[in-house]
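**Q** Mind folding the following:
(2 chains)
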Amino acid sequence: MDVIWEEIQMTIIYEFAMLCTYIFEALIANLLFSQVLIKKLNKIRHYIILFCGYGLLFIIHSFNNTLLNLSLFIVINIILLAILYEGKLSSKLYYIMFFILVMSVTEVIALFIMKIVLKTEFILSMEAKIILAIISKTMLFLLVKSFCNIINKNTYKIPNDKFFALMLISSTIVTVLYVFISITLNIKIDTTKSFAALISSIGLMFSSMLIFYLFEQSIKEQTNLKEFALLKQKSELDLKHYKILKENYDNVKIIEHDIKKHIRLIDEFAKIGNNLEIVKYIEGINEDIQYFSLKPISKNKALDIVLNEKIQIAQNKDIKFIFHIQNVNMDFIQDIDICTIFSNILDNAIESCEKSENKEIILEIYMVNCKFLTIELTNSCDIIPVIQDGNLITCKENPNNHGFGMKSVIRTVKKYKGQVFYFYNDNELKFITNISILV
Amino acid sequence: MNDYKIAVCDDEAICCYELCNILNEYEKYKDVNFEIKCYENGNKLLSEKLSEFDIFFLDIEMDYINGIETARLIIKECPDAVIMFVTGFDNYIDYAFDLKVMRYLNKPIDKDRLFRALNIVIMDINKEKQYINVRDYRGQLYEIKIIDIIRIYIDGRKVAVETADNIYETNKTFSEMEKILESFDFVYTYKKRLANLLYVSGFEDDKLLLKKGSHEIEEYINYRLIGNVRREWMLYGRKFR
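**A** Residues are numbered from 1 along each chain as shown, chains lettered A, B, ... in the order given. Now for the predicted structure:
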């Protein structure tokens, strides 16, 4: 009685293990096909239909007819792909064939390693057979995953070095599974232990997939966080720009209010014929207009914000700030990058002016050869920097203290196929930063 | 040599007047003669004989036909024309515009800036008028503008002179050529190679891209000369300030 009961128990466990391998296979198929084809249905329906299909395959497998298994495998997969994915039948057939090919290759490899390493021709126990199936499925997963990672052009792609590290873990799982087989073959183990071996094999199989899944999830979250930070930065920029415009608008309102008074006075001076007074008076008005603390300088929002902020800082530190900006379109540079470039170079210029006797910054933006957007920043600098071939080596007593700002400028400029050069004029004690970006 | 014909095209009479005043001031200051003609729109200017003019000042925002379109038509008729755009605050320059040299002046016009630009422009116009004799590979003699030379280099025993449409050779030695090109914007990329910065359309770490007609050619830079090329490039670029 006990023996029969034990046998029933074992059969249930074997069938459960087989079911798990089918579920795993369904997940792998889903991974591959979702990578190359476009899904038709929503998530829940998609997975219900997928598991139904593979459930059917699991039921058929118990007939133990290889030819029937294979042909039904193809048929069911064709039906599944037709229901679940969009696209041409021929390309779907092609991917199914590819899947079957990879699957047979992994099965052969799994058997081959078994023969080489464990030196056994025949597999006697049922446990060993099932674990071997688990091994081949794990290998199948690793192959398919590698393939998907190569063709994946998504932003959530796992970087290659990390992908290899994860592969190492999964490969270790395969090795451990072989150890399990060798144990079941060499030592007679009781039902409980073989039960434990099977369950942990299944667990290991799923965890090989799980580590990739979890890692991808964390990449996704990270990317979302970054995007959110960028968006936040952008909205802050917009807000600052809005404030500038608002202030400008208010100033214009004040001047508009005063303008009638000005015209009346100029009119009176003109009637008397006192030209000198008129000129003086207009100069006075100009000074009033100069009062605008924040004003649009270029047509570029981001540049205006940075410039206004830095001009304010320069003024507070008694630094003379001169700029001449041609109306060139800088919209092809992202706002964030404009901020990076200008705030870093201007910060450096201000810092250098603070330590110098002369305090002057000149910013010029112009086009060269109708091809290069050129940003030239000249600032006073009493400390002689070390410059080699236009590359800045250092300009501070402690070289470890600086470089991050300039590095990020160079990185950003490189993004737009640009170059950053530095020069030093010993006679005038002026440091020149020259950035040219290909338009 | 010191007489230049200038066309000023602006639909606001006061702007024309202001610009003419500054130009007259420059005449006295530099001892040159300007013959200035003012036009209130592009159509009127285009009906004139354009090749007579040396310099064009064009307002961008004009009625009927804007400054950019006018410039396009001027370039069609005389490709070597020097064009200066005068723009108000609200306009961008279309930089896709394929002009040899293009300059911008913001309104209201800054006298110092205009003077500086005129110095360079007058120098450019004079350069425009300098020619050199070369031969093609069949030995036929040609007279080409020095400004059209993209690069020169030693080829065998002769000096090769490359322009947009051909590679010529000259009987002059390299050092003689060096002297002739001294006042132009040439830079050494190797010990015996000179490239014209006017044609630079790309700048990478160790090479220049030079515009040759409709395509680009590569000009590698000797690593010892990279610092110098960068410095010369910056100084050359300042012409367009």
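**Q** What segments of the chain are helices?
**A** By default, I'm working from chain A. With DSSP state H as the criterion, chain A has helices at A:2-36, A:43-61, A:66-84, A:89-118, A:126-151, A:160-186, A:191-272, A:275-290, A:301-316, A:335-354, A:404-415.
**Q** meant chain B, my bad for not saying
**A** B:13-30, B:42-46, B:67-77, B:111-128, B:174-181, B:226-237.
**Q** among these, which is nearest B:Phe56?
**A** helix B:67-77 (6.1 Å; Cβ to Cβ). The C-beta positions use only the backbone N, C-alpha and C, and glycine is treated the same way.
**Q** so does the closest one get close to chain A?
**A** No: Helix B:67-77 does not reach chain A (Cβ under 8 Å from any Cβ of the partner chain); its nearest approach is 11.9 Å.
**Q** residues near A:Ile278, how many?
**A** Using other Cβ atoms under 10 Å in any protein chain shown, A:Ile278 is surrounded by 17 other residues.
**Q** What of B:Asn33?
**A** 9.
**Q** per-residue confidence for it?
**A** If you check B:Asn33, the pLDDT there is 86.
**Q** what do you get for B:Val101?
**A** 52.
**Q** cool, and A:Met126?
**A** Per-residue confidence (pLDDT) for A:Met126: 78.
**Q** That one: what's it in contact with?
**A** By Cβ atoms under 8 Å, 6 or more residues apart in numbering or on different chains, the residues touching A:Met126 are A:10, A:14.
**Q** do B:Leu23 as well
**A** Here B:Leu23 is in contact with B:6, B:34, B:36, B:118 (criterion: Cβ under 8 Å, 6+ apart).
**Q** From those, which land in strands?
**A** B:6, B:34, B:36 (DSSP state E).
**Q** Select from those residues the one having the most neighbours.
**A** For those, the largest neighbour count, defined by other Cβ under 10 Å, is 20 neighbours, found at B:Ile6.
**Q** Test my guess that B:Arg64 contacts B:Gly42.
**A** Check again: residue B:64 is Tyr, not Arg. Yes: here B:Tyr64 lies in contact with B:Gly42, judged by Cβ atoms under 8 Å, at a distance of 6.3 Å.
**Q** between these two, which one's more packed in?
**A** B:Gly42 (24 against 12).
**Q** quick revisit: any idea which of the helices of chain A has the lowest pLDDT on average?
**A** Among the helices of chain A, helix A:275-290 scores lowest, at a mean of 75.
**Q** ok, and for that helix, which residues are buried?
**A** Within helix A:275-290, the residues that qualify as buried are A:Ile278, counting by 16 or more other Cβ atoms under 10 Å in any protein chain shown.
**Q** That one packs against which elements?
**A** Contacts defined by 3 or more Cβ pairs under 8 Å, 6 or more residues apart in numbering or on different chains; DSSP states H and E place helix A:275-290 against helix A:191-272.
**Q** What residue in chain A is the furthest from its centre?
**A** Here chain A reaches farthest from its C-alpha mean at A:Ile272, the gap being 71.4 Å by Cα atoms, centre = their mean.
**Q** where's the lowest-mean-pLDDT helix or strand in chain B relative to the chain centroid, distance-wise?
**A** Using mean pLDDT, DSSP states H and E, the weakest-scoring helix or strand in chain B turns out to be strand B:102-106, at a mean of 73. Mean C-alpha position of strand B:102-106 versus that of the full chain (Cα atoms, centre = their mean, to the nearest Å) differs by 13 Å.
**Q** How about residues contacting that strand?
**A** Residues outside strand B:102-106 that contact it (Cβ under 8 Å, 6+ apart): A:324, A:326-327, A:366-367, A:370, B:57, B:82-89, B:93, B:113-114, B:117, B:121, B:240.
**Q** buried subset of those?
**A** Using 16+ other Cβ under 10 Å, the buried ones in the contacts of strand B:102-106 are A:326-327, A:366-367, A:370, B:57, B:82-87, B:93, B:114, B:117, B:121, B:240.
**Q** How many residues are close by the residue nearest to A:Phe421 when sequence neighbours are not counted?
**A** Spatial nearest neighbour of A:Phe421, excluding adjacent residues (Cβ to Cβ, 6 or more residues apart in numbering or on different chains): A:Gly390 at 3.8 Å. Neighbour count of A:Gly390, defined by other Cβ under 10 Å: 19.
**Q** now A:Phe73
**A** For A:Phe73, the count of nearby residues is 20 (other Cβ under 10 Å).
**Q** any idea how far it lies from chain B?
**A** Distance, A:Phe73 to chain B, using Cβ to the nearest Cβ, to the nearest Å: 55 Å.
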